[in-house]
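>>> Any chance you can model this:
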Amino acid sequence: MVNKREIHTQPPFRAEHIGSFLRPNELHQRRILSEKNEINVEDLHKAEEDAIKAIVNVQRAIGIRSITDGEFRRRVRNVFHDGIFDKLEGVKAMLRPIDEFLPYASSVSVARAQGLTTYPSFYCNGKIKRTESFRVEDFKFLKGLVQPRVLCIPPGITALAH
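Predicted structure coming up:
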């Protein structure tokens, strides 16, 4: 049996987090209401900010130094590129047959289990050029919540599967 005094709950051990945190139920509910046009974009944005402030406080409380926003502003779960490719010239969205994707990619596995036969993808149809900034406002908001250090809003873990 492990002695409770031997279990470290604060650093000096190393702890990092990469990817998204589970979104709070309140944020899920607000996003659903937003999709039904029952609340406005500002109300959803406020709910996202409140959830981000809370998850930043959780990370601080447990001693994580590489603070993330939990990817709480991302509209689509399991899609690391949400809001990025639509701001690039030379990239086109398309639906591809689901069998063209790697079978072990988690988001593709979920789509297969749901019976989907196609899955959204992107392909290059010209020289890639950024037409507008992405994630800048998200970064500025997070930066305002933390002490000056290196900040990161990482892509989701599914980015590694493609």
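
>>> drop to CA atoms for contacts and neighbour counts, all remaining ones
Noted.

>>> would P120 count as being in a helix?
No: under DSSP: H, G, I helix; E, B strand; the rest coil, P120 falls outside any helix and is assigned strand.

>>> how close does the residue nearest to it when sequence neighbours are not counted sit to F85?
Taking C-alpha to C-alpha, 6 or more residues apart in numbering, and ignoring the residues beside it in sequence, P120 has L95 as its nearest neighbour in space, at 4.5 Å. Distance, L95 to F85, using C-alpha to C-alpha, to the nearest Å: 14 Å.

>>> if you count what's nearby, which of the two comes out ahead?
The residue with the greater number of neighbours, taking L95 and F85 and applying other C-alpha atoms under 10 Å, is F85; the counts read 18 against 11.

>>> In this structure the more buried one contacts P120, no?
No: using C-alpha atoms under 8 Å, F85 and P120 do not qualify as a contacting pair, with a distance of 12.0 Å.

>>> which residues touch the residue nearest to P120?
Contacts for L95 were tallied using C-alpha atoms under 8 Å, 6 or more residues apart in numbering; they are 118-121.

>>> Which one of those is nearest to S109?
S109 lies nearest to Y119 out of these, by C-alpha to C-alpha, at 10.7 Å.

>>> Tell me how far the closest one lies from R96.
Counting by C-alpha to C-alpha, the gap between Y119 and R96 amounts to 5 Å.

>>> which one of those two has more residues nearby?
Y119 (17 against 14).

>>> show me where pLDDT drops low in this protein?
Judged against pLDDT under 70, the low-scoring parts of the chain cover residues 1-16, 76-80, 148-162.

>>> ranges for the strands of it?
88-97, 118-130 (DSSP state E).

>>> Next one: V56 from S66, what distance?
Summarising the geometry, the distance separating V56 from S66, computed by C-alpha to C-alpha, is 10 Å.

>>> how about the CA coordinates for stretch 65-82, as PDB?
Taking C-alpha atoms only, stretch 65-82 is exported to PDB below (Å, rounded to 0.1, in the frame of the first residue of the first chain):
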ATOM      1  CA  ARG A  65       3.600  25.700 -16.300                       C
ATOM      2  CA  SER A  66       2.800  25.200 -20.000                       C
ATOM      3  CA  ILE A  67      -0.700  26.800 -19.900                       C
ATOM      4  CA  THR A  68      -3.200  26.100 -22.600                       C
ATOM      5  CA  ASP A  69      -6.700  27.400 -23.300                       C
ATOM      6  CA  GLY A  70      -7.900  23.800 -23.400                       C
ATOM      7  CA  GLU A  71      -9.000  24.400 -27.100                       C
ATOM      8  CA  PHE A  72     -12.300  25.600 -25.700                       C
ATOM      9  CA  ARG A  73     -13.000  27.900 -28.700                       C
ATOM     10  CA  ARG A  74     -12.600  25.100 -31.300                       C
ATOM     11  CA  ARG A  75     -16.000  24.500 -32.900                       C
ATOM     12  CA  VAL A  76     -15.500  21.000 -34.100                       C
ATOM     13  CA  ARG A  77     -14.200  18.300 -31.700                       C
ATOM     14  CA  ASN A  78     -11.300  16.200 -32.900                       C
ATOM     15  CA  VAL A  79     -10.400  18.600 -35.700                       C
ATOM     16  CA  PHE A  80      -7.100  20.300 -35.000                       C
ATOM     17  CA  HIS A  81      -7.400  22.600 -38.000                       C
ATOM     18  CA  ASP A  82     -10.800  24.100 -37.200                       C
END
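
>>> All set now, cheers.
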